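Novice: can you look at this prediction? I've put the sequence above it.
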Amino acid sequence: MTAPAGSPWRFNPPPGWPVPPSGWTPPPGWKPDPSWPPAPAGWAFWIPTQRAPLAAAPPIPQTPLAAPQTPVVTPQIRQAPFAAPHSPQAPLAAVPIRHAPPAVTYTPTTYASPRKSGLSTAVKILAGFISLAAAVASVWFGYQALPEKYTVEQWRQKAMATCERDFADVRFSVNGVLLKVGASMASLPPPGQVNQGMTEAATALGDLAKALRRFSADLREIKVPEDLRRTDLDAYLTLTGQLTGGIEQMADLLVQYQIGNATPEMMQQTMTTMTTMSQTTIPQWGKAAQRLGLDTCVPTS
């Protein structure tokens, strides 16, 4: 809808409608916001921006009479104070009736109320601050929730606690058990005869072997830190297995000898195993334990 032709017109919004900017005219296809209240019946949507006074109509000419008469005064026609839109200088015979322009609609996006616009900007700024605060908080709490690094010292403490638990019931050290075996075999009784010294040595060997196997299994289940040298741990576990196998071999020989099933070959192999354990396996096993910080774990002497 366009403004009427003639003198400048301005849009007159009905009650409850937002006031448009100065000089605003609706574009083609423009409709009001459905949420705005309806215009009153017969509402004038367009009104003149200014009104100029109308020029006075010229006096009506008088016709001369044959006989002198009383002068007739012609009244002046009082015009309405509205100037014609097309020519403010020309006299008007009558004030034209202005009809309200046809109702038009316009979308609320054509112009926005300054109050609504300011509120929208404030909401956007607040939402931005909230998003930033949430991002910072998530990073901070995520950092706080990160577990501390698992260290070698923590692994060593768990390993030592496992060692103390697994060897709590062992009465003899490794070397002590070997000495007890050596003493019992130094004065061998006749084969097939139960000997108290050999029985005690076999029992001590069995208890030590069980503790070593239990400790080796528990040690494998402990989580290994990244900075622990796996080669040292693997070497220690391998030597522990060799030591356990040699101790079980000696215990089996003492039992088989007392029941009369030991052979000379079995006795010779056991003596060789004892020599290897004393000279090689046990020293290497102790060094591997020292590299891991477990040298005070399993008693060797």
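Specialist: Yes, it's here.
Novice: please enumerate the helices of the stretch 151-300 of the chain.
Specialist: 152-166, 174-186, 196-221, 230-258, 264-276, 282-292 (DSSP state H, counting those that start in this stretch).
Novice: surely V224 touches R156?
Specialist: No: V224 sits out of contact with R156 when judged by Cβ atoms under 8 Å, with a separation of 11.2 Å. C-beta coordinates here come from the backbone N, C-alpha and C atoms, glycine included.
Novice: more neighbours: the two, which one.
Specialist: Neighbours per residue (other Cβ atoms under 10 Å) separate V224 from R156, with R156 holding more: 17 against 14.
Novice: mind picking out the helix or strand in the protein with the poorest mean pLDDT?
Specialist: helix 114-145 (a mean of 66; mean pLDDT, DSSP states H and E).
Novice: shaky segments in the stretch 1-150 of the chain?
Specialist: 1-7, 50-119, 129, 136-147 (pLDDT under 70).
Novice: now do 50
Specialist: Within the stretch 1-150 of the chain, the ranges that satisfy pLDDT under 50 run 52, 54-57, 63, 65-66, 72, 74-90, 109, 111, 143, 146.
Novice: do the same with the stretch 151-300 of the chain
Specialist: Using pLDDT under 50, the stretch 151-300 of the chain has no residue that qualifies.
Novice: recalculate using a threshold of 80.
Specialist: Along the stretch 151-300 of the chain, the parts satisfying pLDDT under 80 run over 185, 298-300.
Novice: residues contacting Q269?
Specialist: Q249 (Cβ atoms under 8 Å, 6 or more residues apart in numbering).
Novice: that one and G246, how far apart?
Specialist: For Q269, the distance to G246 (Cβ to Cβ, to the nearest Å) stands at 11 Å.
Novice: for L179, same thing?
Specialist: 15 Å.
Novice: how about P13?
Specialist: 105 Å.
Novice: more crowded one of these two?
Specialist: Between P13 and G246, counted using other Cβ under 10 Å, G246 has the larger neighbour count: 22 against 15.
Novice: I'd assumed I47 was in a strand, is it?
Specialist: Yes: I47: assigned to a strand according to DSSP: H, G, I helix; E, B strand; the rest coil.
Novice: leaving out chain neighbours, which residue sits closest to it?
Specialist: In this structure, I47 finds its nearest non-sequential neighbour in N12, 4.8 Å apart by Cβ to Cβ, 6 or more residues apart in numbering.
Novice: same thing with E226?
Specialist: Per Cβ to Cβ, 6+ apart, closest to E226 is Y150, 7.7 Å.
Novice: can you tell me the SS state at the one you found?
Specialist: coil.
Novice: please tell me how far it sits from V224.
Specialist: Counting by Cβ to Cβ, the gap from Y150 to V224 is 9 Å.
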